[in-house]
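K.L.:
Need coordinates for the following:
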Amino acid sequence: MRLNDATRAAAAGHRAAVFKAIRRGGTQTNSQLANQLAYLTTQSTHIVDSSGFLDGNMRLGSQDVKDLTERFAKRWSAEFKPKLGQTTHLLMSFPIGTRGEDVRDIASDVAERFFQTDEGHFDYIIAVHEDRDLDLSRFCSAPGARLSHLPFKSQGAFPA
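P.N.:
Residues are numbered from 1 along each chain as shown. Down below sits the predicted model:
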């Protein structure tokens, strides 16, 4: 199923899907990053890893979180101290009843389109959560993916 078809099917007859940055969701320290990754990945139902190492896992254990924290943090620049953090935390929310597999596939397509470009390659992890009234996909992107560089609205990134 193509991205647009899956998005339309997920939203048919329901409220719209939402994609937003979590205000103050970036992390500045290894400890903050480890806490965020543990929160995102220890209660998930699907994991997508831009490197492919953790793809297919439902959730991550403490050693995986530690290794992922080290992988993300080692790419941080000591001279670069972004105000919003070394990482960006994004949230996608889909209508109730959207299958976790569809959420995973849509989130993967979006992440690849925006974080794996000719202009830059940003490491990311996607954790799909199905434990709420909404089906959620959360991204943690590092190091320093800048939302201002992503062509969300201005360049028609999400065609109707």
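K.L.:
remind me which residues of the protein are low pLDDT?
P.N.:
Where the chain drops to pLDDT under 70, the residues are 1-15, 131-160.
K.L.:
in it, which helix has the most residues?
P.N.:
helix 100-115 (DSSP state H).
K.L.:
Distance check, residue 80 against residue 86.
P.N.:
8 Å (Cβ to Cβ, to the nearest Å). All C-beta spots, glycine's among them, are computed from the backbone N, C-alpha and C.
K.L.:
Give me the more crowded residue out of these two.
P.N.:
Neighbour tally, residue 80 and residue 86, criterion other Cβ atoms under 10 Å: the higher count belongs to residue 86, 23 against 9.
K.L.:
I figured that one hits residue 33, correct?
P.N.:
Yes - with contacts counted by Cβ atoms under 8 Å, residue 86 reaches residue 33, the gap being 7.5 Å.
K.L.:
now the strands for this structure?
P.N.:
Counting by DSSP state E, one finds strands in the chain at the ranges 18-21, 46-49, 88-94, 123-129, 135-142.
K.L.:
Among those strands, which comes closest to residue 68?
P.N.:
strand 123-129 (6.5 Å; Cβ to Cβ).
K.L.:
Name the strands paired with that closest one and say parallel or antiparallel.
P.N.:
Paired strands of strand 123-129, with direction, are strand 46-49 (antiparallel), strand 135-142 (antiparallel) (DSSP bridges).
K.L.:
ok so, going back, any chance of the strands of the chain in TSV, with mean neighbour count and distance to residue 38 too?
P.N.:
Listed next are the strands of the chain as TSV, based on neighbours: other Cβ atoms under 10 Å; distance: least, Cβ to Cβ, whole Å:
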stretch	mean neighbour count	distance to residue 38
strand 18-21	14	20
strand 46-49	22	13
strand 88-94	22	13
strand 123-129	25	10
strand 135-142	25	11
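K.L.:
Export those as CSV, with columns for distance to residue 101.
P.N.:
Conversion of those to CSV gives the following (distance: least, Cβ to Cβ, whole Å):
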stretch, distance to residue 101
strand 18-21, 18
strand 46-49, 7
strand 88-94, 12
strand 123-129, 9
strand 135-142, 10
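K.L.:
Which one, of those, ends up nearest to residue 40?
P.N.:
strand 123-129 (4.2 Å).
K.L.:
In stretch 23-34, which residues are buried?
P.N.:
25, 26, 27, 30, 33, 34 (16 or more other Cβ atoms under 10 Å).
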